[in-house]
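[1] Only the shape, not the letters, is given here:
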């Protein structure tokens with residue numbers, strides 16, 4: 001029998017399967033494509049003898065998969081990845097999987113299909129070498145990550161995390177190879193300003209300009225950014241008016257907030273309430289909808305111990321990496337918020353996520369699989385983390 005840590009990835013098979021997955025449009029709001037990706041992983045894990053429970057959490061998304069190597073009240077390890085992508089239908093046909101030198105490219109190649117596939121290969125190898133005996137592993141693959149912030153699956157995520165010793169997220173390693181130990185929380189707000197429409201030339205004085213009121217909000221919210229605390233407020237979408245010669249009776253905006261300190265959300269919401277109660281334009285009103293979509297992923301003492309374990313395995317294998325705090329969202333945020341030590345970025349190395357430049361570094365797949373396998377083995381041998 002081969003040693004457990006020799007070759008983990010069959011490169012030809014991996015690229016063939018990755019191409020198959022990438023060439024399926026699996027937008028968060030397109031359940032058919034995400035369902036095909038889920039069916040692939042369900043079949044692969046069932047061939048290993050694992051139990052796969054498809055969870056149809058909403059009709060508008062593909063199935064999420066709860067995958068275990070056996071029944072258990074507690075899991076030694078939870079692995080997370082998502083099956084959906086940010087791209088609309090038709091993207092895979094326009095720019096299907098391709099290889100350019102050391103880079104594999106295509107929609108979702110690194111976010112997060114490459115990582116989900118690597119996790120499968122690693123677990124298959126560990127099982128084949130009898131290294132999962134009497135250990136309890138759970139893999140949770142969701143289909144509502146992109147665009148809708150895992151709004152249907154987050155409860156399942158947190159329930160599983162609370163039953164787990166630690167969590168590893170199979171999102172990609174950063175372009176420089178770093179892992180992610182900390183992430184900002186995300187809050188999103190939708191503002192609707194109601195004024196009074198009027199003819200701009202004949203009845204101007206009776207109009208109440210909704211865009212003017214919204215303009216005051218935009219300036220106040222943008223100024224609420226506090227880079228000393230790494231809090232950012234971005235008014236990213238604005239819409240209003242029907243014609244240039246009409247006083248606009250309605251205007252809308254969408255606001256994105258990124259933060260580490262939960263008190264920053266309290267401060268920003270208090271600002272909006274103050275603006276709401278004291279309009280600048282008489283007789284206008286503003287409806288505020290939304291709130292926190294992802295909590296921050298903040299490291300604890302147990303997280304630090306997990307980081308040390310991972311560093312030790314990297315040093316042993318000669319795999320260099322550092323640690324990154326990210327402003328992007330992850331399902332790891334829900335797991336960490338449940339109180340479970342969580343590390344993200346355990347997938348292959350890549351970059352350009354959410355763009356046509358998305359890529360996976362092919363020569364990172366095998367070493368990152370070795371790192372993941374070594375970390376899993378070390379986690380399973382620990383009495384506590």
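    Alright, I've got the coordinates. Since we're looking at a predicted model, the values are computed, not measured.
[2] Show me what the mean pLDDT comes to for stretch 261-269.
    Throughout stretch 261-269, pLDDT has a mean value of 98.
[3] neighbours around residue 15, how many?
    Applying other Cβ atoms under 10 Å, we find 18 residues neighbouring residue 15. In short, each C-beta sits where N, CA and C put it, glycine included.
[4] List the buried residues of the strand or helix carrying it.
    For residue 15, the element it lies in under DSSP states H and E is helix 11-22. Residues 14-15, 17-19, 21-22 are the ones in helix 11-22 that count as buried (16 or more other Cβ atoms under 10 Å).
[5] Got the phi and psi for the residue located most distally from the centre of the chain?
    Distance to the chain centre peaks in the chain at residue 202, reaching 51.2 Å (criterion: Cα atoms, centre = their mean). Torsion angles at residue 202 (phi, psi; degrees, to the nearest 10) stand at phi -100, psi -30.
[6] And it, what's its pLDDT?
    In this model, residue 202 is scored at 96, pLDDT.
[7] Could you tell me how far stretch 222-229 lies from the centre of the chain?
    The chain centroid and the centroid of stretch 222-229 are separated by 24 Å, computed with Cα atoms, centre = their mean, to the nearest Å.
[8] actually stretch 37-53, sorry about that
    Taking the mean of its C-alpha atoms, stretch 37-53 sits 22 Å from the chain's own mean (Cα atoms, centre = their mean).
[9] list the contacts for residue 50?
    Taking Cβ atoms under 8 Å, 6 or more residues apart in numbering, we find residue 50 in contact with 67-69.
[10] How about residue 25?
    33, 85, 87-93, 107.
[11] So it, which state does it fall into?
    coil (DSSP: H, G, I helix; E, B strand; the rest coil).
[12] low-confidence ranges in this protein?
    Within the chain, the stretches with pLDDT under 70 are 1-5, 383-385.
[13] Show me the helices in the stretch 101-250 of the chain, by range?
    For the stretch 101-250 of the chain, applying DSSP state H, counting those that start in this stretch gives helices covering 114-128, 154-162, 210-222.
[14] Tell me which residue lies nearest the centroid of the chain.
    Relative to the mean C-alpha position of the chain, the nearest C-alpha, by Cα atoms, centre = their mean, is the one of residue 330, at 3.0 Å.
[15] how about it, what does it touch?
    Per Cβ under 8 Å, 6+ apart, neighbours of residue 330: 169, 171, 180, 183, 294, 297, 344.
[16] Closest one of those residues to residue 366?
    Closest to residue 366 out of those is residue 171 (18.3 Å), distances taken as Cβ to Cβ.
[17] thought that closest one was touching residue 113?
    No - assessed by Cβ atoms under 8 Å, residue 171 is found out of contact with residue 113, at 11.0 Å.
[18] before we move on, which element is residue 377 in?
    Short version, using DSSP H and E: residue 377 is in helix 365-381.
[19] How far off centre is that helix?
    Put simply, helix 365-381 sits 22 Å off its chain's centre (Cα atoms, centre = their mean).
[20] Could you list the buried residues of it?
    Across helix 365-381, burial judged by 16+ other Cβ under 10 Å covers 365-380.
[21] With stretch 349-356 instead?
    Under the neighbour-count criterion of 16+ other Cβ under 10 Å, stretch 349-356 has 349-353 buried.
[22] same question, stretch 252-266
    253-261, 264-265.
[23] Kindly report the same for stretch 155-164.
    156-158, 160-161, 163-164.
[24] One more: stretch 32-50?
    Buried residues in stretch 32-50, counted by 16+ other Cβ under 10 Å: 33-38, 40-42, 44-45, 50.
[25] Among those, which lie within helices?
    33-38, 40-42, 44-45 (DSSP state H).
[26] Now flag whichever of the buried residues of stretch 155-164 is closest to residue 130.
    residue 164 (22.1 Å).
[27] residues in contact with the closest one?
    Taking Cβ under 8 Å, 6+ apart, one finds 74-78, 138, 335, 340 in contact with residue 164.
[28] ok, 6 Å please
    Shown in contact with residue 164 (Cβ atoms under 6 Å, 6 or more residues apart in numbering): 75, 78, 340.
[29] Identify the residue spatially nearest to residue 138, adjacent ones excluded.
    Leaving aside its sequence neighbours, residue 138 sits nearest to residue 75 (Cβ to Cβ, 6 or more residues apart in numbering; 4.4 Å).
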